[in-house]
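Engineer: Quick one, fold the following:
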Amino acid sequence: MKYQSILQDIQGELFPVGIPDEEGSLFFTIDEQVMKFGSLQHDSINWDNLITHSQKYLSEVCKDYKVLQYFGYAVLYKNFALNFIDFIELFSEFNKKYLFLGHPKPSKDNTVNRFKEKAISLIIERIENAFNNNSEIKFTALESDKLNKLFNDIFLQLDGYIANVKSVFDRLQRRIKEQTDSDESILTISKEPEDISLSKEHTAIQRTRNLDIPNIHEVDLQNVRKLKQMYLQIADITCSLEPTSILSYISRRFGLWHSISQLPEMDINGITAMQAVPADKLSDYRELVSSSPSLELLSRIEKTVTTSPYWVEGSYLSAKCCQALKMNEAAEAIKNVTRQFVSKFSTFSSAKFQNGEPFLSETVSIWLEENEASPQELKTVEQELNNFDEIYNSEGFVAVLKLIDEQLKQITDIRSKNYLQFEKIRYFLKEEMFTIALTELSELIDNCKKYTVEEWDNNFFIQLSGLKDKLLKDNQ
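Structural biologist: I've put the predicted structure just below:
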């Protein structure tokens with residue numbers, strides 16, 4: 001098998017997995033290239049150098065999932081068609097031998113530490129991203145069968161230890177079926193395979209594993225990589241202790257963004273070398289944030305944010321998920337720190353990923369421009385809503401319309417504006433001005449879609465749509 005040396009045990013006192021040597025010259029050579037991931041120097045990465053030295057490190061120094069992630073990214077980026085199946089096979093065999101013994105944090109009780117879990121999750125994400133970025137590749141029926149067997153093997157190895165492994169490999173299997181030159185059916189991952197050896201006890205141990213708090217006294221504040229690692233570690237630990245804590249979301253973004261002083265180089269059309277988050281993954285996130293927000297979904301989005309520094313829609317989706325979970329302080333913290341990052345660069349709105357998707361979509365741009373309504377502002381709106389009927393009855397239609405228009409000029413909160421617009425429509429209906437009411441209502445519904453009011457307050461959106469349907473039916 002290709003890369004066989006990586007699967008050979010390290011001999012000597014450190015048998016069989018070795019020990020990390022992040023201060024050694026070999027790791028330093030690897031790290032020189034890794035530091036360029038997603039940065040202005042991404043185009044200057046020496047992939048051959050990274051592949052050679054990562055393989056040497058894994059073969060001779062340490063069986064480390066973190067370095068395996070670097071190796072996988074490099075071989076899949078350099079030549080996906082040639083290396084994809086070989087790397088999937090390597091990943092499966094590596095798990096068989098070193099899932100518990102390997103670094104980071106080897107265990108003797110068949111548990112997977114949070115740092116190993118994160119490294120493995122990144123490998124899976126690299127695999128899916130590489131696959132989605134090479135959709136033109138076709139597989140033979142034989143290759144398809146082999147891949148699906150490997151995916152099933154990996155699922156059995158990781159289920160119960162790594163979140164979402166089934167959903168990722170299910171997606172990959174569907175895509176492989178689409179890209180196979182054959183009508184043969186593709187196996188699907190069984191949720192309860194007969195030979196599965198994982199137990200509920202292992203999962204419970206995994207969930208209650210000890211936290212690894214970073215030692216601040218050992219962090220070199222001049223070392224950008226280690227400083228970033230520390231902030232991301234703080235974010236992970238804080239989130240595991242208290243998912244609603246704003247410290248987690250701020251620390252993650254500070255670690256991700258603090259060292260970025262320039263945007264990646266872009267051509268005349270704004271295209272950079274940065275890869276976008278796969279379209280199907282993004283579509284899943286958008287749909288689930290609206291339909292099934294959860295802490296597990298929030299964790300998935302945050303992991304993707306960590307691997308894609310210019311994907312600011314990820315922060316938008318995290319904030320929307322937080323709002324749906326009533327974590328309003330966290331949502332506002334994410335928005336504020338994202339706004340600070342975007343505002344650092346005057347050309348951020350012009351930059352695009354390799355596929356032409358903008359770094360900053362219109363939806364996210366609008367979100368960043370929104371100001372949170374002050375308590376006094378919301379109180380004023382509520383008072384005015386209560387007074388509208390009184391003014392309408394005493395002073396008439398024109399007076400109440402004028403009052404609503406004055407309020408619309410003063411209010412900055414998008415939700416409050418839309419409720420005021422709805423009140424305006426209500427008085428058009430009272431005056432039996434159905435055509436104007438229907439026109440205003442259609443515009444309000446379109447505006448709500450633009451500002452994602454449906455995500456904020458689905459009942460309000462349903463109310464608008466129901467009223468429009470009734471008006472159309474009554475005035476046919």
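Engineer: Can you pull the poorly scored residue ranges out of the protein?
Structural biologist: For the chain, the stretches with pLDDT under 70 are 1, 38-41, 181-222, 371-386, 411-415, 447-466, 468, 475-476.
Engineer: Helix or strand: which one has the residue positioned nearest the centre of it?
Structural biologist: In the chain, the centroid-proximal residue (C-alpha atoms, centre = their mean) is Ile301; its distance is 2.8 Å. Assessed by DSSP states H and E, Ile301 sits inside helix 295-307.
Engineer: Show me how the record splits this structure into domains.
Structural biologist: Using automatic domain parsing, the domain ranges for the chain come out as 4-207, 224-369, 375-474.
Engineer: Distance from the longest one to the middle of the chain?
Structural biologist: For domain 4-207, the distance from its own C-alpha centre to the chain's C-alpha centre is 19 Å (C-alpha atoms, centre = their mean, to the nearest Å).
Engineer: The stretch 251-400 of the chain: helices as residue ranges?
Structural biologist: In the stretch 251-400 of the chain, the helices defined using DSSP state H, counting those that start in this stretch lie at 279-291, 295-307, 313-324, 328-343, 362-369, 375-395, 397-410.
Engineer: Adding distance to Gln229, write the ones you listed out as TSV.
Structural biologist: Glycine gets a C-beta too; all of them are placed from N, C-alpha and C. Formatted as TSV, the helices of the stretch 251-400 of the chain follow (distance: least, C-beta to C-beta, whole Å):
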stretch	distance to Gln229
helix 279-291	25
helix 295-307	11
helix 313-324	20
helix 328-343	19
helix 362-369	27
helix 375-395	39
helix 397-410	47
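Engineer: Out of those helices, which is the most enclosed?
Structural biologist: Comparing the helices of the stretch 251-400 of the chain by mean neighbour count (mean count of other C-beta atoms under 10 Å), helix 313-324 ranks first with a mean of 25.
Engineer: Contacts for that one, please.
Structural biologist: 249, 253, 277, 282, 285-286, 289, 293-294, 297-298, 301-302, 304-305, 308, 328, 330-332, 334-335, 337-338, 361, 363-364, 367, 452, 455-456 (C-beta atoms under 8 Å, 6 or more residues apart in numbering).
Engineer: I'd like to know which elements the helix or strand hosting Asn148 is packed against.
Structural biologist: Secondary structure from DSSP H and E places Asn148 in helix 141-158. Where contact means 3 or more C-beta pairs under 8 Å, 6 or more residues apart in numbering; DSSP states H and E, helix 141-158 is packed against helix 80-98, helix 165-178.
Engineer: among those helices, which is nearest Lys149?
Structural biologist: With C-beta to C-beta as the measure, helix 80-98 is the member of the helices and strands packed on helix 141-158 nearest Lys149 (9.1 Å).
Engineer: Could you save the helices and strands packed on helix 141-158 as JSON lines and add columns showing distance to Ile45 and mean neighbour count?
Structural biologist: Converted to JSON lines, the helices and strands packed on helix 141-158 look like this (distance: least, C-beta to C-beta, whole Å; neighbours: other C-beta atoms under 10 Å):
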{"stretch": "helix 80-98", "distance to Ile45": "16", "mean neighbour count": "18"}
{"stretch": "helix 165-178", "distance to Ile45": "25", "mean neighbour count": "18"}
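Engineer: I'd like the ones you listed written out as CSV, with distance to Leu429 added.
Structural biologist: Listed next are the helices and strands packed on helix 141-158 as CSV, based on distance: least, C-beta to C-beta, whole Å:
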stretch, distance to Leu429
helix 80-98, 59
helix 165-178, 46
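Engineer: Of those helices, which is nearest Arg426?
Structural biologist: Once these are compared by C-beta to C-beta, helix 165-178 is nearest, at 44.2 Å.
Engineer: what angle sits between the closest one and helix 141-158?
Structural biologist: 180 degrees (axes from the mean of the first three to the mean of the last three C-alpha atoms, to 10 degrees).
Engineer: Flag every buried residue along the host helix or strand of Gln233.
Structural biologist: Using DSSP H and E, Gln233 maps to helix 224-241. Residues 227-228, 230-239 are the ones in helix 224-241 that count as buried (16 or more other C-beta atoms under 10 Å).
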